[in-house]
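Participant: need the 3D shape of this:
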Amino acid sequence: MTMRTKKAEAQAQSFETSLAALEQIVRELERGDLPLEKSLELFEQGVRLSRECQERLQAAERRIEVLLRDGEGRPVVGAFDEEELTRLTAADERDDDETVF
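Facilitator: Presented below is the predicted three-dimensional model:
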């Protein structure tokens, strides 16, 4: 597989897919029973995935910053509301409940 093909594949993966792959690599490396060459290969893949995830997070942050600008293009900054976060988190958890009863 060429470097260009690998890069195209990596870009096609979602953030969640990349993160799951990175977590799997970490688990395999933590086991410590791999040969050196395989460990190095996995480490390289992990570094690549880590950088891709970081880039995607930074891009998402930039998109959010653009969305949170006022009419004159200045970033809107507000105090973090712990109560609002708690309320939203509780609402999300209720929405995720898939029980029938």
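Participant: so which bits of the longest helix along the chain are buried?
Facilitator: Longest helix of the chain, by residue count under DSSP state H: helix 36-67. Within helix 36-67, the residues that count as buried by 16 or more other C-beta atoms under 10 Å are 42, 45-46, 48-49, 52-53, 56. Any C-beta I mention is one placed from the backbone N, CA and C, and that applies to glycine too.
Participant: packing partners for it?
Facilitator: helix 3-12, helix 15-31 (3 or more C-beta pairs under 8 Å, 6 or more residues apart in numbering; DSSP states H and E).
Participant: give me the contacts around the longest one.
Facilitator: Around helix 15-31, the neighbours that count as contacts under C-beta atoms under 8 Å, 6 or more residues apart in numbering are 10, 13, 34, 39, 42-43, 45-46, 49-50, 52-53, 56-57.
Participant: could you rerun that using 10 Å?
Facilitator: 10-11, 13-14, 34, 38-39, 41-50, 52-53, 55-57, 59-60 (C-beta atoms under 10 Å, 6 or more residues apart in numbering).
Participant: rewinding a little: weakest of the helices and strands packed on helix 36-67 in terms of mean pLDDT?
Facilitator: Of all these, the minimum mean pLDDT falls on helix 3-12 (a mean of 57).
Participant: before we move on, back to that, just put the buried residues of helix 36-67 in CSV and tack on distance to residue 82 and pLDDT.
Facilitator: Compiled in CSV, the buried residues of helix 36-67 are given as follows (distance: C-beta to C-beta, whole Å; pLDDT from 0 to 100):
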residue, distance to residue 82, pLDDT
42, 39, 97
45, 38, 97
46, 34, 97
48, 36, 96
49, 33, 96
52, 32, 94
53, 27, 94
56, 27, 93
